[in-house]
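Peer 1: Need coordinates for the following:
(chains A and B)
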Amino acid sequence: MKTLLLSLFFTRPTRWGETIPPSARIASGSAVFLSLALLFYFAFSRLEYGWGWSAVFAYREKFLRGWLTTVAISTAALVLSLAVGLAAALARRSGFLPARYLARLFTETLRGTPLLVQILVFFYVVADAFGVGNRYVVGTLTLSLFAGAYIGEILRAGIENVSESQWDSARAVGLTPSQIYRYIVFPQVVRRSLPPLAGQFASLIKDSSLLSVIAVSEFTLSAQEVNAYTFSTLESYLPLALGYLVLTLPISLWSRTLEKRFHYAT
Amino acid sequence: MQLSLRGISQTFGTQRVLDEIGLEISDFHALVVIGPSGGGKSTLLRILAGLLVPDRGEMEINGRPVVFSEERLREYRRNLGTVFQSFNLFPHLTALENVTLPLEKVHGYGRKEAVAHAREVLARFRLEEHAFKRPGELSGGQQQRVAIARAVAVKPRFLLMDEPTSALDPEMTSEVLEVIETLRAEGRDLILVTHHMGFARHIGDHCVFLADGRIRASGPPGDLFLHPSDPLLQRFLSRVLRY
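Peer 2: Take a look at the predicted model:
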């Protein structure tokens, strides 16, 4: 009896890795789920709150439009941030010193300051000075620069992890520097950087919520507005959490499988 | 082949790794470089392979001077087959792709041609069953054989090998040495850095002893091994041949 209980809740790594039997998966998994559910059930049951889902439900289309805007902005920023990150990573390795220093300054500044401030400065100061008034464009660009600073560091680490002997071998067979990047370095960088990149993309989706401060009517702003119209705070924000989770969870699961797939010895 | 080195010098920081290397050998097929670790063997081989530009000196191979500019060196490297101690292969590519990549991207083969030629070469080294494996799935000896296959596939002017067996266990070592011996028997020119003295003597028709960044002895391996005149070489041989 005791060993049965132990086997349901404990696992011991062996030399061949870990295999968790289905019974233990189900028992341990549901134990966690049930206790958390209980905790939140208790918390919510203590809440004296008049739930008013119907008022919020009337705004379902607004939610959907906001959610789709978030998806669109995130997708655009994802592509752009990759380009920004790649440029930053290459500039950091460049022999042209101004490019290298610019990339360093860019990386340190954007990673070291709050995104909120960046959004406000880029929209109200920089974009305004250049006569760009489209908040969706400015918002997406700011988000791309911000995420690009992180992605640049991920890619730089990936490039530096390609060993010196790989460069030697590639040069020895007569490849040109651009061919070495294309056929030897980047394929290895992509494989190794995909898991951290996926994590960065999940962050980017959540970070897009800050664009609400410059009145980009994405998902978060929609929820804020619905809350203002209906005074149903939880009913407005709980769907918001769910809407982000629907986007970030698949990315996180996908990065897990990638990690496993590219886990070949080098 | 013919090799001539004049005043080749290389300094790393404050350390002089190669000190005015001068060498004139004509008409050899297998040059073996021996010497203690840190004596400059690998540095010399990197210069011969066109991967490192020496601080000073001139180099001439088969009557043609080697021009030390990156552009010309790349051209020069294309026609060599270089094999390092280890980690020669690109880990994200299969054995076959490792061989076809230089054929396609450097030597202008079409995809089909490259694959056909690569499979032929792999088969010659008894590696056909491993063609679709990644380096991580191959043993150290198999990896080195694929690396040699890749080097040979481009029909190089000569082969350069830097201790190709130093990272291998004895069984894999003999499997790789066998391959090198076959290449030699086929009449392929090669320059080999090795610490297998028996093999050096067996395969080389010229031997160079490099220590402290200088060439201390040079000549047919038999002479060098049986009648070492240089005191450093005497000491080196007595050490490596003791066990």
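
Peer 1: Quick check, central residue of the chain?
Peer 2: No chain specified, so I'll use chain A. Nearest residue to the geometric centre of chain A (C-alpha atoms, centre = their mean): A:A202, 2.1 Å.

Peer 1: Chain B is the one I meant
Peer 2: By C-alpha atoms, centre = their mean, chain B has its centre lying nearest to B:M161, at 1.6 Å.

Peer 1: what kind of secondary structure is that residue in?
Peer 2: Under the three-state scheme (DSSP: H, G, I helix; E, B strand; the rest coil), the conformation of B:M161 reads as strand.

Peer 1: can you list the residues of chain B near chain A?
Peer 2: Residues of chain B lying near chain A by C-beta under 8 Å from any C-beta of the partner chain: B:49, B:51, B:74-75, B:77-78, B:80, B:82, B:84, B:86-92, B:101-102, B:105-106, B:134-136, B:150, B:154. In this view, the C-beta of every residue, glycine as well, is placed from N, C-alpha and C.

Peer 1: before we move on, the earlier item: which residues touch the residue nearest to the centre of chain B?
Peer 2: Shown in contact with B:M161 (C-beta atoms under 8 Å, 6 or more residues apart in numbering or on different chains): B:T82, B:V83, B:I148, B:I180, B:L190, B:I191, B:L192, B:V193, B:T194.

Peer 1: what about the residue nearest to the centre of chain A, helix or strand, and which?
Peer 2: Taking DSSP states H and E as the criterion, A:A202 maps to helix A:186-207.

Peer 1: quick check: angle from the next helix or strand after that helix to helix A:186-207?
Peer 2: Note on helix A:186-207: by DSSP H and E, the next helix or strand toward the C-terminus is helix A:219-230. Calculated by axes from the mean of the first three to the mean of the last three C-alpha atoms, to 10 degrees, helix A:219-230 forms an angle of 10 degrees with helix A:186-207.

Peer 1: Show residues contacting the strand or helix carrying B:R150.
Peer 2: Using DSSP H and E, B:R150 sits within helix B:140-153. With contact meaning C-beta under 8 Å, 6+ apart, helix B:140-153 is reached by A:173, B:80-84, B:86, B:88-89, B:95, B:98-99, B:102-103, B:117-118, B:121-122, B:124-125, B:127, B:130, B:135, B:138, B:159, B:161, B:164-165, B:167-169, B:171-173, B:175-176, B:179-180, B:183, B:188.

Peer 1: Apply the buried test to the residues you listed and list what passes.
Peer 2: The neighbour-count test (16 or more other C-beta atoms under 10 Å in any protein chain shown) marks A:173, B:80-84, B:86, B:88-89, B:95, B:98-99, B:102-103, B:117-118, B:121-122, B:125, B:127, B:130, B:135, B:138, B:159, B:161, B:164-165, B:167-168, B:172-173, B:175-176, B:179-180, B:183, B:188 as buried among those.

Peer 1: and the helix holding A:A202, is it in reach of chain B?
Peer 2: Yes - Helix A:186-207 is in contact with chain B by C-beta under 8 Å from any C-beta, via A:P187, A:Q188, A:R191.

Peer 1: Now tabulate these in a markdown table and tack on pLDDT.
Peer 2: Below are the residues of helix A:186-207 next to chain B laid out as a markdown table (pLDDT from 0 to 100):
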| residue | pLDDT |
| --- | --- |
| A:P187 | 90 |
| A:Q188 | 90 |
| A:R191 | 83 |
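
Peer 1: Out of the residues of chain B next to chain A, which sit inside strands?
Peer 2: Among the residues of chain B next to chain A, the residues falling in strands (DSSP state E) are B:L80, B:T82.

Peer 1: Looking only at residue counts, what's the top helix in the chain?
Peer 2: Let's take chain A. The helix that spans the most residues within chain A, counting by DSSP state H, is helix A:60-92.

Peer 1: not quite, I wanted chain B
Peer 2: The longest helix of chain B (DSSP H) is helix B:170-185.

Peer 1: Tell me what angle that helix forms with helix B:140-153.
Peer 2: Angle, helix B:170-185 to helix B:140-153, by the same axes, to 10 degrees: 20 degrees.

Peer 1: Point out the residues in the stretch 51-200 of chain A that sit beside chain B.
Peer 2: A:163, A:165-166, A:168-176, A:179, A:183-184, A:187-188, A:191.

Peer 1: Reduced to three states, what does the closest residue to A:L80 other than its chain neighbours come out as?
Peer 2: Of all residues not flanking A:L80 in the chain, A:S144 sits nearest, at 3.6 Å (C-beta to C-beta, 6 or more residues apart in numbering or on different chains). Recorded secondary structure, A:S144: helix (three-state DSSP).

Peer 1: My understanding was that A:S144 contacts A:S81; is that so?
Peer 2: Yes - using C-beta atoms under 8 Å, A:S144 makes contact with A:S81 at a distance of 4.4 Å.

Peer 1: Mind checking which of the two has more residues around it?
Peer 2: Taking neighbours as other C-beta atoms under 10 Å in any protein chain shown, A:S144 and A:S81 compare with A:S81 leading, 27 against 23.

Peer 1: Now do the contacts for that one.
Peer 2: Applying C-beta under 8 Å, 6+ apart, we find A:S81 in contact with A:L143, A:S144, A:L145, A:F146, A:A147, A:G148, A:I151, A:L204.

Peer 1: these two touch, right, the first one and A:L78?
Peer 2: No - taking C-beta under 8 Å as the definition, A:L143 is not a contact partner of A:L78, at 9.3 Å.

Peer 1: shared neighbours, these two?
Peer 2: Contacts common to A:L143 and A:L78, judged by C-beta under 8 Å, 6+ apart, are A:L204.

Peer 1: So for those two, which sits in the more crowded spot?
Peer 2: A direct count of neighbours by other C-beta under 10 Å for A:L143 and A:L78 places A:L143 higher, at 28 against 18.

Peer 1: can you pull the pLDDT of the more buried one?
Peer 2: Per-residue pLDDT puts A:L143 at 95.

Peer 1: residues in contact with it?
Peer 2: Contacts of A:L143 (C-beta under 8 Å, 6+ apart): A:I73, A:A77, A:S81, A:L115, A:L204, A:D207, A:S208, A:L211.

Peer 1: Rounded mean pLDDT for the strand or helix carrying A:S54, please.
Peer 2: According to DSSP H and E, A:S54 maps onto helix A:53-57. Computed over helix A:53-57, the mean pLDDT rounds to 83.

Peer 1: Name the residues that touch that helix?
Peer 2: Contacts for helix A:53-57 (C-beta under 8 Å, 6+ apart): A:V226, A:Y229, A:T230, A:S232, A:E235, A:S236, A:P239.

Peer 1: Which member of those is positioned nearest chain B?
Peer 2: Of all the contacts of helix A:53-57, A:P239 has the smallest distance to chain B: 42.6 Å, by C-beta to the nearest C-beta.

Peer 1: ok, that closest one touching A:F63?
Peer 2: Yes - applying C-beta under 8 Å, one finds A:P239 in contact with A:F63, separated by 6.2 Å.

Peer 1: Give me the common contacts of the two.
Peer 2: Counting by C-beta under 8 Å, 6+ apart, the shared contacts of A:P239 and A:F63 are A:A223.

Peer 1: where do the helices sit along chain B?
Peer 2: Under DSSP H, chain B gives helices at B:41-48, B:70-78, B:95-105, B:111-124, B:140-153, B:170-185, B:197-203, B:221-226, B:231-240.

Peer 1: Go through those and name the closest to A:G139.
Peer 2: Comparing those against A:G139 with C-beta to C-beta, the closest turns out to be helix B:95-105 (41.7 Å).
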